[in-house]
Structure formats: structure tokens, C-alpha cells
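> Structure for the following, please:
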Amino acid sequence: MSQTTLITNARIVTRREDFEGSLVVEDGLIVEILKDRYLPEALDARGRWLIPGVIDTHTDYIEKEIAPRPSAEIPLELAFHMMDQRALATGLTTVLGAVRVSADKEKGGSLWRRDGLELGRQYERLSKTAKARHLMHVRWDTNFQPVDPKIEVLKSFTTLGNIVFNENIPGERQFRDLDHIAGKWAERRGVSLEEARVLIRQQIETNRGINNRPQIRDAFSGDISLGSHDDTTIDHVIEAHAMGCSIAEMPTTLEAAQKARDLGLIVTMGAPNYYRGGSRCGNFGAPEALERGLVDVLCSDYHFPSLLGSVCKMFAAGIEPSRAVSLVTYNAAKSLNRDEKLGSIEVGKLADLTLFAAHPNYAEVTHTWVGGELVYQSSEQVGAERHSDARALVNAV
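Prediction:
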């Protein structure tokens, strides 16, 4: 039996414009977009914003649910369920949860830190009963061997979303203060500061002698989107491009971001970086990157609400809604090579949709649909007068 969903009196955001109108969904697909049309029998959106479902291309959020305290581990089934619920409540319909793949396996700590491939297997299992679309964001350590057994496991995953190179040479990229690193190592390993410095020098020498990027490129390029994390220098970006990367994830300097743009890479920055007004680590800030036109995608990194929260802040700052929304929808889908079906409100695309009221600093999500199915709904016992009109925010600037 055909299933039809009608939404009316919405502020609809497409890739190029926004307007008041209605949407018709049948069997999970968008079949009509009706500009300036009211449908009396439809769900009344009360002037709220109707956008494509938010796509999060990188999040470490599961860590917060697995280990809300360092010594308190929560069963993964509950942690994953709550991640799924929180995603939908903040407008996310596609979530790329991170798994860390390297040669290291910590004996202590949560599953998040112990075994990335095992966490990936559990993601595969749990994603089948989740309400949002869950894929994997693989954080791949570039400085270990052998890698072939791990590559074979990755190839078996059906929910692989992207693979991003995370080079771990002490003193390079995001964390460059060797004295600070030495202090951390000394404390963690129970050794003197000088002994820690010796260990760090040995680690640097070992890591610089190993580069497994070509093996990942040869195994996945053309099938899965590849990226490079925390590029700091122009040479980092050039190497990433040569290794098949199409994504520059969180470049830490202006010159790295500019080089990524010059080479045609999709630049991804953290939404908390934009929302909070800059990098928590003192690196190149997303607000400056956006102003310079050097950001294509925002990801949650570790905080789901920052995605739509950033969109609302952009609305309030006078940034065109279609541009702001594309940073968390269409551009994200394009970075995953999934824009044929996801990421924009267009006839024929999957009806992954988010309805929300925009406040100056946050989004109040009232409905979320995945494939046309209503998977989240907040209380409707709220008068329309309580919902901020984002159009008024835009026009007020």
C-alpha cells in the first residue's frame, strides 16, 4: 500500500533558494515541491524551516555514551541507542560514527579505545535496527604495518562511509608542542621527563619510516571517499591529494586549507569550532575559514547540536539559508558520493527531512523523517507564537 506524507506551511530550503510551500512524499521519496501552496489536509509546519536531513560525516559522539566517566563503561547497545535517539532529536538523519584503526590496542579503557574493528562490527550489527542511517567514519593510523588483514575486515563492512588518514607522529599536525607531549607521556607511563623525551624521539623515528597510505588508496580509492585529518602544511595536502584523498578534514592552518581548495578537495571543519567562535586547540578557526570561502562541510566532531546550532547562528548573521544548510546537507552528501539520493530537497530523492524552529543560538527540532518515515516528533502542544521565525532573523540583519 502506498504511503503518503504531506507537509504544508513550511519554509522549504533547497540548494538555491528558500520559500514558503508544501511537500508531498510518497513511499519514501519526494514527489512534489509546491511553492506558495497550502494543503489544508497536511501536517502544518507553522512556518518552521524544512530542510534535508542533516548529514554528519564525522563524529566521536559514541565515546560520550560508552564512557560518560573514564572508569564507567556503559553497554554498547544502550550507548548506540542513545546516540541514535540524540541524533534524530537534533535533526541528524545520517551519522558517520568514528572507529579508530591502528596497531595499538589499549588494555584498559572503553571499547572506543580498545579495538576499532570490533567496534565497527558492532556498528554493523546495531545499525540494522537504528532509526537514523548509520555509517562508519574510519580514523586510519598511517604509521603501522601489517595492514592487509585489517583492510580485508574493512572491505567486509557494508556501512563503510569514509576513511580518513590520521597520522600519529608526535610533534606534527594538531599537537606540535613536544614539551607538552613529553609531560603527558611521563605522567601516563610513570617515567621521568627525560625518559619520555627519549621514547618520543624513538616513536618519531619509527613512525616516519612507515606510511601505509598507498595500500589504503589502492584498496579503496574510487569506491570509498578518502580524506586526510589535521593537515598543517602545504606538503601534507599535496601528499593527501596524491594518495587519492578528496576530503581535507579539519586543516589546522590557513595555508593548508587554501592548498586544499586549490587542489579541489572538499574542506570539512568542526561545527563546534564554528559555533564556539574558534578552535579549542588554537588552530585555524572555522569562522575565518567560512569568511574566506574555505569551508564546504561542517561535521559534529563531538557535539551533535552544534550542527543545526551553527546553521541558526548563520541565519542570524545574514548568511543565505541555502548556503548555510548546504554545509550540513548537500555538500556533506557530495563528500560521501551519496548526493544522488541524499542531501537536498529535490523530486526523486529520499525523503530524509528535518523540521525545526530557528532561535538565534540553537535549533528546536520538532520532526525528523528518514526515508519518509517519521522517526522523531516533539510535543505539538506548543503555540506557533513560541517558535522563532528565522526569516525574521535573516531580514533583521
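
> what mean pLDDT does the longest helix belonging to the chain have?
Ordering each helix of the chain by length in residues (DSSP state H) puts helix 193-208 first. The pLDDT scores in helix 193-208 average 72.

> What is the next helix or strand after it packed up against?
Proceeding N to C from helix 193-208, the next assigned helix or strand is helix 213-220, under DSSP states H and E. Judged by 3 or more C-beta pairs under 8 Å, 6 or more residues apart in numbering; DSSP states H and E, helix 213-220 is in contact with helix 148-156, strand 160-166, strand 225-229. Every C-beta, even on glycine, is put in place using the N, C-alpha and C of the backbone.

> In TSV: those, plus distance to residue 246.
Compiled in TSV, the helices and strands packed on helix 213-220 are given as follows (distance: least, C-beta to C-beta, whole Å):
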stretch	distance to residue 246
helix 148-156	18
strand 160-166	9
strand 225-229	6
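
> and these as a markdown table, adding mean neighbour count, mean pLDDT and distance to residue 255?
Output for the helices and strands packed on helix 213-220, formatted as a markdown table (neighbours: other C-beta atoms under 10 Å; pLDDT from 0 to 100; distance: least, C-beta to C-beta, whole Å):
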| stretch | mean neighbour count | mean pLDDT | distance to residue 255 |
| --- | --- | --- | --- |
| helix 148-156 | 14 | 96 | 32 |
| strand 160-166 | 24 | 97 | 19 |
| strand 225-229 | 26 | 97 | 15 |
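
> Would you tell me which of the ones you listed gets closest to residue 329?
With C-beta to C-beta, the closest approach to residue 329 among the helices and strands packed on helix 213-220 belongs to strand 160-166: 15.4 Å.

> report the angle between the axes of the closest one and helix 148-156?
Comparing the axes of strand 160-166 and helix 148-156 via axes from the mean of the first three to the mean of the last three C-alpha atoms, to 10 degrees yields an angle of 150 degrees.

> what lines up beside strand 160-166 in the sheet?
Neighbouring strands of strand 160-166 in its sheet, by DSSP bridges, are strand 133-141 (parallel), strand 225-229 (parallel).

> what residue ranges in the stretch 251-397 of the chain score low on pLDDT?
For the stretch 251-397 of the chain, the stretches flagged by pLDDT under 70 are 379-397.

> where do the strands sit along it?
For the stretch 251-397 of the chain, the strands defined by DSSP state E, counting those that start in this stretch occupy 266-270, 297-299, 353-358, 363-370, 373-377.

> Kindly reformat these as a markdown table and extend each row with mean neighbour count.
Output for those, formatted as a markdown table (neighbours: other C-beta atoms under 10 Å):
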| stretch | mean neighbour count |
| --- | --- |
| strand 266-270 | 25 |
| strand 297-299 | 28 |
| strand 353-358 | 26 |
| strand 363-370 | 23 |
| strand 373-377 | 17 |
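
> closest to residue 327 out of those strands?
Nearest of these (C-beta to C-beta): strand 297-299, 4.8 Å.

> check contacts around residue 62.
Residues in contact with residue 62 (C-beta atoms under 8 Å, 6 or more residues apart in numbering) are 79-80, 83, 97-98, 112, 119.

> cool, and residue 251?
Contacts for residue 251 (C-beta under 8 Å, 6+ apart) come out as 230-232, 237, 257, 260, 267, 284.

> what's the answer for residue 226, then?
Residue 226 makes contacts with 162-165, 216-217, 220, 243-247, as judged by C-beta under 8 Å, 6+ apart.

> do you know how far it is from residue 218?
Per C-beta to C-beta, to the nearest Å, residue 226 is found 11 Å from residue 218.

> Give the burial count for residue 12, as a bare number.
Residues lying near residue 12 (other C-beta atoms under 10 Å) number 22.

> Revised request: answer the last question for residue 34.
Around residue 34 there are 17 residues (other C-beta under 10 Å).

> before we move on, the earlier item: how about the longest helix of the chain as CSV, C-alpha atoms only?
What follows is helix 193-208, C-alpha atoms only, in CSV (Å, rounded to 0.1, in the frame of the first residue of the first chain):
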residue,chain,number,x,y,z
LEU,A,193,60.6,13.6,31.7
GLU,A,194,64.0,12.8,30.0
GLU,A,195,63.0,9.2,29.6
ALA,A,196,59.7,10.3,28.0
ARG,A,197,61.7,12.5,25.5
VAL,A,198,63.8,9.5,24.5
LEU,A,199,60.6,7.4,23.9
ILE,A,200,59.1,10.2,21.9
ARG,A,201,62.2,10.5,19.7
GLN,A,202,62.1,6.8,19.1
GLN,A,203,58.4,7.0,18.2
ILE,A,204,59.1,9.8,15.8
GLU,A,205,61.8,7.8,14.0
THR,A,206,59.7,4.7,13.8
ASN,A,207,56.6,6.4,12.6
ARG,A,208,58.4,8.4,9.9
